[in-house]
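Fold the following.
(2 chains)
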Amino acid sequence: MTTPPGPPDDVPPPGDEPPAFGPQSFEPQGIPPAYHGDPSAPPTQPPGYPPYQYPPGYPYGPPPQPERRISVPMVIIGPFLYAALNLMIGFAAFISAGAADSGGGSANAVLGAAAVLLAFIAFGGGTVMLFSKSPTARGLGIGLMVGWALVSLVTAGFCTGINPELYAL
Amino acid sequence: MTAQWHLGPVSIGVHNLFVALGVSAALLVFIAEARRRGAVNEQSVVAAAGALIGGAIGMRMTGWIRHLDFSANPTLAQAWQFGSRSILGGLLGAYLGVLIAKRIGGYRGKTGDLFAPAVALGMAIGRIGCHLTEAPGRPTTLPWGIHAPADTPECPGCVAGVAMHPSFLYEIAFQLTAFAVLLWLRPRIGRPGELFVLYVAGYAVFRFLVEFVRANETVWLDLTRPQWFLLPSLLILGFRLWYGYRRGYYRNPARTQEVPA
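Got it, this is the predicted structure:
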């Protein structure tokens, strides 16, 4: 036979339970108690003021998104567009330089003009687009400049008309 | 004549191929790092664009100020055409490009930490092209000295057939080590931008030392042009590291420190 368990030691004797609200036994005595208040009471509206209109979704709605200034897809498309332009202008420059060389003209001048034209398209056109307010145009402007940089880095300048060997025709 | 590899009818410049691979690898690491840090946003795109544009222009324009005697330097147009493809010029141009692009775009956040591991890996790959096509280094009697083809440009040691320091392999080893160390440091340094500062400082020290075995021309007091460029840079970087150390930038973030029981 076992004896039934008695009440646990940490249970206060009857009559000593702390009240649900109001001053607690662990609070310092002799000073005004902390306000525990009624949690269900709504905040009162000062008389004479119109009721405050909270924004839609408050307080759990998503934060406002920052304004989009650049189209990232256009930054990616820009280098491909520049590479296509570069191919066409470079090819035309090669043909023209060959014709100029055989005709007694200066191939270097033709290739130099092509290099200037390509840089103008990338940086001139790109800068103009950057001043636009359209995110699409801004993204494309950055993309054109990135295209010039990538083609210049990857081909050591061959396709941008700034390759030394190209000028040694 | 630059070294070429032939893939059927297509000829590919070896140096250019590895530059392309290096830039591609750097872009991939940059994107992965931006995703990991939750920084796939307009500022990162603008910073990457600024780095690419500034780096490409910087590499070209380094030759413009090659000589202290300005009459010996090429004109701006000539430098634009025959740029020297300098890595140091590219790094400086990329740094300035990021600053200018962010200033124009009105972005204030730090982006250097996104670039640090990307640049290290990209340069490790790009230097393979240098190793295969350029003068490897100064003559040496060390057992790991290498020989290079006699038609390598600007390489008297290649013509003489002597063994030379594989200086580009030293740099590849440094960049791969730096890449691994940066990945290890990533969660340990919480201060934004400090990974990049540490990488640049480490590379500046390494580059200054490795120049003693590179095949670059010495211009004054047996130091090369990159070393003269690096001397003041090292002073600035040393001051910056000291400042960061005093300010506690390189201490572990509190959340990773163990609390004794």
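
For chain A, what's the nearest residue on the stretch 51-200 of chain B?
In the stretch 51-200 of chain B, the residue that lies nearest chain A is residue B:56 (3.8 Å; C-beta to the nearest C-beta). Where you see a C-beta, it was placed from the backbone N, CA and C, and this is true even at glycine.

ok so that residue is a helix residue?
Yes. Assessed with DSSP: H, G, I helix; E, B strand; the rest coil, residue B:56 lies in a helix.

so what's it up against?
Under the criterion of C-beta atoms under 8 Å, 6 or more residues apart in numbering or on different chains, the neighbours of residue B:56 are A:148, A:149, A:150, A:152, A:153, B:90, B:93.

The closest residue to it other than its chain neighbours: helix or strand, and which one exactly?
Distance criterion C-beta to C-beta, 6 or more residues apart in numbering or on different chains; nearest residue to residue B:56, sequence neighbours excluded, is residue A:149 at 3.8 Å. Using DSSP states H and E, residue A:149 maps to helix A:135-154.

what number of residues lie near the residue nearest to residue B:56?
Other residues near residue A:149 come to 28 when the count uses other C-beta atoms under 10 Å in any protein chain shown.

do the same with residue B:186
Neighbourhood size, residue B:186 [other C-beta under 10 Å]: 16.

That one: what's its closest spatial neighbour, skipping adjacent residues?
Spatial nearest neighbour of residue B:186, chain neighbours left out: residue B:195 (6.8 Å); criterion: C-beta to C-beta, 6+ apart.

Tell me, how many residues neighbour that neighbour?
By other C-beta under 10 Å, the residues close to residue B:195 number 24.

who does the helix or strand containing it touch, helix- and strand-wise?
Using DSSP H and E, the element containing residue B:195 is helix B:194-210. On a contact count with 3 or more C-beta pairs under 8 Å, 6 or more residues apart in numbering or on different chains; DSSP states H and E, helix B:194-210 meets helix B:112-133, helix B:167-185, helix B:225-246.

Let's see that with 10 Å instead.
Counting contacts by 3 or more C-beta pairs under 10 Å, 6 or more residues apart in numbering or on different chains; DSSP states H and E, helix B:194-210 is packed against helix B:87-105, helix B:112-133, helix B:167-185, helix B:225-246.

and the angle from that helix to helix B:225-246?
With axes from the mean of the first three to the mean of the last three C-alpha atoms, to 10 degrees applied, the angle from helix B:194-210 to helix B:225-246 works out at 140 degrees.

Now helix B:194-210: buried residues?
Within helix B:194-210, the residues scored as buried using 16 or more other C-beta atoms under 10 Å in any protein chain shown are B:194-204, B:206-208, B:210.

Can I get it in PDB? Just the C-alpha atoms.
Extracted as PDB, the C-alpha positions of helix B:194-210 are listed here (Å, rounded to 0.1, in the frame of the first residue of the first chain):
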ATOM      1  CA  GLU B 194      36.200  44.700 -44.300                       C
ATOM      2  CA  LEU B 195      36.600  41.500 -46.300                       C
ATOM      3  CA  PHE B 196      37.400  43.500 -49.300                       C
ATOM      4  CA  VAL B 197      39.900  45.700 -47.400                       C
ATOM      5  CA  LEU B 198      41.700  42.600 -46.100                       C
ATOM      6  CA  TYR B 199      41.800  41.000 -49.600                       C
ATOM      7  CA  VAL B 200      43.200  44.200 -51.200                       C
ATOM      8  CA  ALA B 201      45.800  44.600 -48.500                       C
ATOM      9  CA  GLY B 202      46.800  41.000 -48.800                       C
ATOM     10  CA  TYR B 203      47.100  41.100 -52.500                       C
ATOM     11  CA  ALA B 204      49.100  44.400 -52.400                       C
ATOM     12  CA  VAL B 205      51.600  42.800 -50.000                       C
ATOM     13  CA  PHE B 206      51.800  39.600 -52.100                       C
ATOM     14  CA  ARG B 207      52.100  41.500 -55.400                       C
ATOM     15  CA  PHE B 208      54.900  43.800 -54.100                       C
ATOM     16  CA  LEU B 209      56.900  40.700 -53.100                       C
ATOM     17  CA  VAL B 210      56.200  38.600 -56.200                       C
END
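
That one relative to helix B:87-105, how many degrees between them?
Following the same axes, to 10 degrees, one obtains 160 degrees for the angle between helix B:194-210 and helix B:87-105.

Tell me the buried residues in stretch B:139-157?
Buried positions in stretch B:139-157, judged by neighbour count with 16+ other C-beta under 10 Å: B:140, B:145, B:148, B:152, B:155, B:157.

Identify, from those, the entry nearest to residue B:252.
If you rank the buried residues of stretch B:139-157 by distance to residue B:252 using C-beta to C-beta, residue B:140 comes first, at 41.4 Å.

before we move on, what SS does residue B:144 have?
Assigned by three-state DSSP, the conformation of residue B:144 is coil.

wait, what's in contact with the closest residue in space to it that isn't next to it in sequence?
Nearest non-adjacent residue to residue B:144, counting by C-beta to C-beta, 6+ apart: residue B:166, 6.7 Å away. With contacts defined as C-beta atoms under 10 Å, 6 or more residues apart in numbering or on different chains, residue B:166 is in contact with B:131, B:136, B:137, B:140, B:142, B:144, B:145, B:146, B:148, B:172, B:173, B:213.

Can you lay out those as TSV showing pLDDT?
Putting the contacts of residue B:166 into TSV (pLDDT from 0 to 100) gives the following:
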residue	pLDDT
B:131	91
B:136	90
B:137	90
B:140	93
B:142	95
B:144	94
B:145	93
B:146	93
B:148	87
B:172	97
B:173	98
B:213	93
